[in-house]
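>>> The sequence isn't on hand, but the structure is:
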């Protein structure tokens, strides 16, 4: 049995944000790669060691780390 990655990034919502979970806990909504890195930093992961394309760490649902809708409203 394989273990799921620690981090799960959900598909984009209608607002363009993607919910980010670490170890089953929702950390917040990211609107781009920098937001994901910041949420992971707050969760205690070293941003210098995080690779957003690491499938052993992050499961991207609804598109990978480069999939961010550009035609949706951004957060305030």
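Arrived safely. The shown structure was predicted, so the numbers you read here are calculated from the model rather than taken from an experiment.

>>> Is residue 34 within a helix or a strand, and which one?
Element membership of residue 34, judged by DSSP states H and E, is helix 33-42.

>>> Follow the chain on from that helix and name the next helix or strand.
In the C-terminal direction, the helix or strand that comes right after helix 33-42 (DSSP H and E) is strand 58-60.

>>> quick one on the thing from earlier: for the helix holding residue 34, the averaged confidence score.
The pLDDT scores in helix 33-42 average 96.

>>> now do stretch 60-76
In this model, stretch 60-76 has a mean pLDDT of 78.

>>> What distance do you get for residue 70 to residue 32?
Note on residue 70: its distance to residue 32, by Cβ to Cβ, to the nearest Å, is 10 Å. From N, CA and C alone the C-beta is placed, and that goes for glycine too.

>>> who has more neighbours, those two?
The neighbour comparison of residue 70 against residue 32 (other Cβ atoms under 10 Å) goes to residue 32, with 15 against 6.

>>> and the closest residue in space to the more buried one that isn't next to it in sequence, what does it touch?
Distance criterion Cβ to Cβ, 6 or more residues apart in numbering; nearest residue to residue 32, sequence neighbours excluded, is residue 68 at 5.4 Å. Taking Cβ atoms under 8 Å, 6 or more residues apart in numbering as the criterion, residue 68 is in contact with 12, 16, 18, 31, 32, 33.

>>> with the residues you listed in mind, which one is nearest to residue 49?
If you rank those by distance to residue 49 using Cβ to Cβ, residue 33 comes first, at 15.3 Å.
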